[in-house]
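Undergrad: Just to be clear, the model below is a prediction. Sequence and coordinates:
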Amino acid sequence: MKFVDDSQNLRGRLHLIQALVLVLLGVLSVRLYLLQIVNGSRYAEIAENQRIRLLPIPAPRGVIFDRNGKLLVDSRPIYSIILSREDTKGIDRYTLIKPLAEGLGLDPEILRERFDQVKLQPAFESILIKEGASQADIAWVDAHQLEVPALRVEQTPQRRYPPNGLLAHALGYVQEISPEQLEEPRYKEKHYKPGDIIGQNGIEYVYDEYLRGRDGYRKVIVDSRGHIQKEIEVVPPQPGQDLVTTIDLDLQQAAEEQLQKSPTKRGVIVSMDPNNGEILALASYPTFDPNLFSQRIATKAGRAEYAALLNDPHKPLLNRAIQGAYPPGSTWKIPMAVAGLQQGAITIDRSNLVCGGGIQIGNKFTRCMGNHGSPDIRTAITRSCDGYFYRLGLKMTISGIMTMVDEFDINKRTGIDLPHEIISTTPSPDLKARMNPRDSEWRDIDTVYASFGQVYDIVTPISMLRTVAGVGVGGKLYVPHLLKEVRQVGQQSEPDYRPAHAFQSLDPQRPNPKIVSIPEDQHKVVVDGMWGVVNNGGTAGAIKMAGFDIAGKTGTAQVVGLGKDTGANRDHSWFVSYAPAYKPEISIICLIENSGFGSQHAAPAVRAIYDVYYAKTRPQPEAPKNNIALRIR
Amino acid sequence: MVAIIQKRKMRDFDWLVAAMAIGIVSFGAWEIHNAQPTETFWQKQLIGLGIAFVAMLAIAFTDYRRLVEIAPILYALGLVLLVVVLVPGIGMKINGQRCWIKLPGAGQFQPSEFVKIPVVLMLAKYFGKHRSGLLTWKEFFTGCAILGLPMALILLEPDLGQAITYLPLLAVVFFLSSVRMWIVAAALVGCFAGAPLAYTVGVKTGLLHGYKLERINVILDPENADKRGFGYHTWQSMVTVGEGGLTGSRDSEYSQSSLKFLPEPHTDFIFAVTAETTGFVGCLLLLASYAVLLTRLITDARRSRDRTGMLVIMAIVGGLIFQIFLNVGMAVGLLPVIGIPLPLMSAGLSSVLATFIAIGFAISVQLRRFVN
């Protein structure tokens, strides 16, 4: 110190300041040590994560063909307007609703809903604003890059289904995965993410795993505003596997045409190869447009369309083939006849039972539609004699009928490869006890009802078809199915090779086919009866075809009691059949709701399809056209 | 005579201080380049260094006592500048703060950076007389007034960060002017104990709310703070610093600052950029450089031939360490975000020039330690 200072220990105070300087710098050094050395790798990871982003590249979904290689479903590229979520994190996204809704012609409510949904989903990278953007929309986005830089246009695949709801119930549809579905184990385990498009119904749902492929991604470096600076890595998507169905498009179109022409336009036609269970046609009417779900559901008009479908009293979304349940009426007589012979209630030689124009049980007379004398089993089937089967049922007793139901799997799902198949209702004392708790005892009159396909018998068309087709091929009940083949992708040596895959029963425990042992002679008697229905003056004699022996059975399902069966409550009209009678190739079932006798509407509809089949198979088989499926790369 | 003086001056000139200062600014210019490779900030910084060096030499070779003599005039001039900057049309408004004066052709300058110097000189003049007793009340209030006037004007801009950097100037002067040790201790204890108490009371009574509360909460728990909102600056700065690791991040092309995750990388958060590019090693070297510079200045102060010179240097030291601690503390997530530059590192002509002028004074003081 060059100067004299009497104030308190100046030298010491300078030292104190010197020490303070070093202490403060020391504190900063310790903090730096903690940040950079102790936790350095953690922060490096955080920094890496915030600058690296994975942008998914959707895999092109597999194309669906009919059995002859005709295109059923494909995807086409559309433009979508997307809002990057990262870019809009700082700002109030809801302020964008008004300009976006006005500029792109969207419903503000739907936008608001989407934004609400996104809030709950942390992993969501981007928000879909508009699908199927027009040129004008894209121009609008370009023009507003400065105001809303988070908007971008991307090319995405969109599923395209056949027009007029063709095959809609079998194909199903795709739709964005819902927040609820994300929580389901089926999706959670396989790491589905928000925004994924998945099969929601039909074979799109059942074979989603094969159809969807695997999404690729672009690994990019982004800046703080989400703008891409550099692409580090591109993993191309693995396309989904193409799917060949067992459907024959010609038969399918014929079936839909018949339903369309039917008096009530409500009903179902299913055609199956009885020798292996392949479904050739599956039509349910009224139908719906699956494109609604894959294309229009996010618009106001689309929502209204969906609400209308849900509220339609004729239930167009219902797949009547597997979800519709109807009393089988006289079609029930086929398994009854087989079981009656099997169980020894009647024999081939002594199969005659009295018709009597009906039967008197206690004080109730249940009538037959005619008076058939004392027919044998063939005639009883051909003429559809109710009186005969009342007595046969009484001879078999309810336990015999229950054995038959069990034998023909009628009390189980058929196992078709479609979701939400229901189980038919079949007669049993338990069922009566549930239906009618006040009078729970099973009586003879109940057995009578159970034996001609009313009251206690309520079956799905697919289950009835399987039963009768099974009888046609001598007792082999195949699992009906729509999948012919999932096509392979790539070559065996390549890493992304995925092998072809044929139909396998979804329940491996069940034998396919299930064998019902029907002795040859008994089989012939029943088939003779069914042959007679069409070819020997039976109830469907009107549809007899030259050179193609149809075996079948008409049925009339009572909706309400006799006498009131008019108008909307008319009986359902059934016809179940296969052909040719003694060497089955194809089986067809048809039900037209509330249209009266089976012979009147259902049988002619089936005949029309046989005509198409005959034309296809008998003269010269037509070479399948090569349709080129449109795919997005 | 000039030759003789020049020869002595060349010998006694504190080359170490000057070299450290120039070294840090040069290093800073490189980091500014890292922070904003596409901008010209680093070139401007080097030009600023040249200007600042000339100014430093000019001040160093001027007798500080003459400048202390005219301190009241400089001080008054400073106040005028601080008033002028508040006038719309002259003062430029950036981010809601009116703290820049536009100079045609020469860019802009920030009076609040420069006014520190007349304040230091004024304090040194008033407290530099030979003293024989404890700090009196009169001295205390005079000191507060000298500091309070410019601070109040700066708060009107409003620039809280700059205003706060004035506080250590007075604190150091008081401390070296025989304020009782127990009062110092009590003030320190009061600060450390009072802060949490004030925080608790503030939250409970609702006086502390809104963004001020949020900014404090960010520091208390940066991990769980709103990383997109109030916590963004602190969090991104911590990530940037941490990412540097031991020797710095390899990926300079896509760094936190070039991807714009780190805000204000070339000014307020230049330390985070340094940490990212040079790692722990670089940070320690920088802090060590500051330590050497400040230690050397304190040594110069000790050798000063009068109280005035000693006070000038020590007030400057106090201002520098305070600003360094605040800025780096903010970058490493120890202190709330407050917009003040890191001395000698942050881009900005005003800051560099003012700091070099201050160092020029320190050199001037030590240069005249033998001169009578």
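TA: Arrived safely.
Undergrad: State the helix or strand in which residue 233 lies.
TA: Assuming you mean chain A. strand A:228-235 (DSSP states H and E).
Undergrad: You answered for a different chain; I wanted chain B.
TA: Assigned by DSSP H and E, residue B:233 falls in helix B:232-243.
Undergrad: Please see if that helix touches chain A.
TA: Yes. Looking at helix B:232-243 against chain A by CB under 8 Å from any CB of the partner chain, the contacts come from B:238-243. All C-beta spots, glycine's among them, are computed from the backbone N, C-alpha and C.
Undergrad: List the strands paired with the strand holding residue A:233, with their directions.
TA: Paired strands of strand A:228-235, with direction, are strand A:216-222 (antiparallel) (DSSP bridges).
Undergrad: Pull out the buried residues from the strand it pairs with.
TA: The neighbour-count check on strand A:216-222 (16 or more other CB atoms under 10 Å in any protein chain shown) flags A:216-218, A:220-222 as buried.
Undergrad: what does the strand holding residue A:233 rub up against?
TA: The contact list for strand A:228-235 (CB atoms under 8 Å, 6 or more residues apart in numbering or on different chains) reads A:52, A:57, A:216-223, B:254, B:259.
Undergrad: As JSON lines, the residues you listed with pLDDT and distance to residue A:409 would be great.
TA: Below are the contacts of strand A:228-235 laid out as JSON lines (pLDDT from 0 to 100; distance: CB to CB, whole Å):
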{"residue": "A:52", "pLDDT": "85", "distance to residue A:409": "56"}
{"residue": "A:57", "pLDDT": "83", "distance to residue A:409": "45"}
{"residue": "A:216", "pLDDT": "87", "distance to residue A:409": "44"}
{"residue": "A:217", "pLDDT": "87", "distance to residue A:409": "46"}
{"residue": "A:218", "pLDDT": "86", "distance to residue A:409": "51"}
{"residue": "A:219", "pLDDT": "88", "distance to residue A:409": "52"}
{"residue": "A:220", "pLDDT": "86", "distance to residue A:409": "55"}
{"residue": "A:221", "pLDDT": "86", "distance to residue A:409": "60"}
{"residue": "A:222", "pLDDT": "81", "distance to residue A:409": "58"}
{"residue": "A:223", "pLDDT": "78", "distance to residue A:409": "63"}
{"residue": "B:254", "pLDDT": "80", "distance to residue A:409": "64"}
{"residue": "B:259", "pLDDT": "81", "distance to residue A:409": "65"}
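Undergrad: Max pairwise distance over those residues: which two?
TA: Farthest pair in the contacts of strand A:228-235 (CB to CB) is A:216 and B:259. Separation: 24.3 Å.
Undergrad: now, which of the buried residues of strand A:216-222 sits nearest chain B?
TA: Ranked by distance to chain B (CB to the nearest CB), these are led by residue A:221 at 5.1 Å.
Undergrad: can you tell me how far the closest one sits from residue A:54?
TA: 11 Å (CB to CB, to the nearest Å).
Undergrad: how about residue A:476, phi and psi?
TA: phi -110, psi 110 (degrees, to the nearest 10).
Undergrad: okay but it is in contact with residue A:470, surely?
TA: Yes. Taking contacts as CB atoms under 8 Å, residue A:476 lies within contact range of residue A:470: 6.0 Å.
Undergrad: now the strands for the stretch 51-200 of chain B?
TA: Using DSSP state E, counting those that start in this stretch, the strands of the stretch 51-200 of chain B run over residues B:91-94, B:97-103, B:107-109.
Undergrad: out of the residues of helix B:232-243 next to chain A, who has the most neighbours?
TA: Neighbour counts for the residues of helix B:232-243 next to chain A (other CB atoms under 10 Å in any protein chain shown) peak at residue B:241, which has 32 neighbours.
Undergrad: Apart from its chain neighbours, what residue comes closest to that one?
TA: residue B:275 (4.0 Å; CB to CB, 6 or more residues apart in numbering or on different chains).
Undergrad: Give the residue spans of the stretch 251-400 of chain A that score low on pLDDT.
TA: The model of the stretch 251-400 of chain A has no residue with pLDDT under 70.
Undergrad: Now with 90, please.
TA: A:293-303, A:329, A:344, A:348-374, A:386-387 (pLDDT under 90).
Undergrad: interface residues of it facing chain B?
TA: On the criterion CB under 8 Å from any CB, chain B has no neighbours in the stretch 251-400 of chain A.
Undergrad: number of nearby residues for the residue of the stretch 251-400 of chain A found nearest chain B?
TA: Of all residues in the stretch 251-400 of chain A, residue A:298 sits closest to chain B, at 27.8 Å by CB to the nearest CB. As a burial measure, residue A:298 scores 20 neighbours (other CB under 10 Å).
Undergrad: cool, and residue B:73?
TA: Residue B:73: 11 neighbours (other CB under 10 Å).
Undergrad: From chain A, how far out is it?
TA: According to CB to the nearest CB, to the nearest Å, residue B:73 and chain A sit 26 Å apart.
Undergrad: Find me the pLDDT at that residue, would you?
TA: We have a pLDDT of 95 for residue B:73.
Undergrad: Then the one 10 residues further on?
TA: Predicted confidence (pLDDT) at residue B:83: the value is 92.
Undergrad: give the contact list for it.
TA: Contacts of residue B:83 (CB under 8 Å, 6+ apart): residue B:153.
Undergrad: Three-state assignment for the one residue in the stretch 401-550 of chain A that gets nearest to chain B, please.
TA: Nearest residue of the stretch 401-550 of chain A to chain B (CB to the nearest CB) works out as residue A:495 at 30.1 Å. Using DSSP: H, G, I helix; E, B strand; the rest coil, the structure places residue A:495 in coil.
Undergrad: Which pLDDT value goes with it?
TA: For residue A:495, the predicted pLDDT is 78.
Undergrad: Run through the residues that contact it.
TA: Residue A:495 neighbours (CB under 8 Å, 6+ apart): none.
Undergrad: And it, its phi and psi?
TA: phi -70, psi -30.
Undergrad: From residue A:501, how far off is it?
TA: When residue A:495 is compared with residue A:501 (using CB to CB), they lie 18 Å apart.
Undergrad: and if you look at residue B:97?
TA: 69 Å.
Undergrad: Next: residue B:276.
TA: 52 Å.
Undergrad: cool, residue B:61 as well?
TA: From residue B:61 over to residue A:501 (counting by CB to CB), the distance is 91 Å.
Undergrad: do residue A:525 as well
TA: 41 Å.
Undergrad: Which one's more surrounded, the two?
TA: When neighbours are counted by other CB under 10 Å, residue A:525 comes out ahead of the other of residue A:525 and residue A:501, with 20 against 16.
Undergrad: Do I have it right that that one meets residue A:380?
TA: No. Applying CB under 8 Å as the test, residue A:525 and residue A:380 come out as separate, 10.7 Å apart.
Undergrad: any shared contact partners between the two?
TA: In contact with both residue A:525 and residue A:380: residue A:337, using CB under 8 Å, 6+ apart.
Undergrad: neighbours around residue A:43, how many?
TA: With neighbours defined by other CB under 10 Å, the count for residue A:43 comes to 21.
Undergrad: Let me know the distance separating it from residue A:436.
TA: Taking CB to CB, one finds residue A:43 at 74 Å from residue A:436.
Undergrad: Next, the buried residues of stretch B:276-294.
TA: For stretch B:276-294, by 16+ other CB under 10 Å, it's B:276-280, B:282-284, B:286-287, B:289-291, B:293-294.
Undergrad: so how far is residue B:293 from the nearest residue to residue B:65 once chain neighbours are set aside?
TA: Nearest residue to residue B:65, sequence neighbours excluded (CB to CB, 6+ apart): residue B:308, at 6.9 Å. In this view, residue B:308 and residue B:293 are 22 Å apart by CB to CB.
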